[in-house]
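**Student:** No letters, just coordinates:
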């Protein structure tokens, strides 16, 4: 198919598809002349994925890095998850792992696989909350951790075992695209619970 058809099937304009090509987000097609190329079904899938990543709020540079993990995946799902998490939550400055590691131990979580990015993000989020005078008590934090662990169980149970390519795509998309879904569900649940309690 030509680029106009690729763009149509991918749900973008031809100019956007050309931009993705220039930015290295979409692999080049098979050249049929000096100015023409043909594209196939994998290009359509990659175009849709790219559009979803950018629509989720990722920058072009971060989307390119995430797509690079898809093109050259890590040896296993745990390594892939680590690469994607590192891309999405880069560590800026030194990380004081002690506070978060103590929490992970209390919850019975594996501290050997705790990634610096999410560890630093949790430590920072707790610090910001405390600086604002919002104390997250141990019972509340334990409850949130238990709920997060249940969500993670669902996430990992859904990783396909049909092929490494399917697993890679699922891990990347599940990590990036489900976070807004989880946030929206939390807010809807808060509205429901509030109505039941105060309404």
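**Tutor:** Received it, and whenever you're ready, just let me know what you need. This structure is a prediction, so every number in the text was calculated from the model and none was measured. Residues are numbered from 1 along each chain as shown.
**Student:** So which helix or strand of the chain has the lowest pLDDT on average?
**Tutor:** Ranking every helix and strand in the chain by mean pLDDT, DSSP states H and E puts helix 77-88 at the bottom, with a mean of 76.
**Student:** Show me which positions of it end up buried.
**Tutor:** Buried residues in helix 77-88, defined by neighbour count with 16 or more other CB atoms under 10 Å: 77, 80-88. (Each C-beta comes from the backbone N, C-alpha and C, glycine too.)
**Student:** Looking at those residues, which one is closest to residue 42?
**Tutor:** Residue 42 lies nearest to residue 80 out of those, by CB to CB, at 19.3 Å.
**Student:** wait, the closest one sits on residue 169?
**Tutor:** No: judged on CB atoms under 8 Å, residue 80 makes no contact with residue 169 at a distance of 10.2 Å.
**Student:** Spell out the residue ranges of the strands in the chain.
**Tutor:** 30-31, 37-38 (DSSP state E).
**Student:** The residue nearest the centre of the chain: what's it in contact with?
**Tutor:** Among the residues of the chain, the one closest to the centroid is residue 176, at 2.1 Å (CA atoms, centre = their mean). Contacts for residue 176 (CB atoms under 8 Å, 6 or more residues apart in numbering) come out as 53, 56, 58, 66, 84, 88.
**Student:** the helices in the protein, which residues?
**Tutor:** 3-10, 14-22, 41-55, 60-71, 77-88, 98-107, 116-131, 138-157, 164-198 (DSSP state H).
**Student:** Save these as JSON lines, and put in distance to residue 31 too.
**Tutor:** Below are the helices of the chain laid out as JSON lines (distance: least, CB to CB, whole Å):
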{"stretch": "helix 3-10", "distance to residue 31": "12"}
{"stretch": "helix 14-22", "distance to residue 31": "12"}
{"stretch": "helix 41-55", "distance to residue 31": "14"}
{"stretch": "helix 60-71", "distance to residue 31": "20"}
{"stretch": "helix 77-88", "distance to residue 31": "31"}
{"stretch": "helix 98-107", "distance to residue 31": "51"}
{"stretch": "helix 116-131", "distance to residue 31": "39"}
{"stretch": "helix 138-157", "distance to residue 31": "40"}
{"stretch": "helix 164-198", "distance to residue 31": "25"}
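**Student:** on that earlier part again, elements contacting the least confident helix or strand of the chain?
**Tutor:** Judged by 3 or more CB pairs under 8 Å, 6 or more residues apart in numbering; DSSP states H and E, helix 77-88 is in contact with helix 60-71, helix 116-131, helix 164-198.
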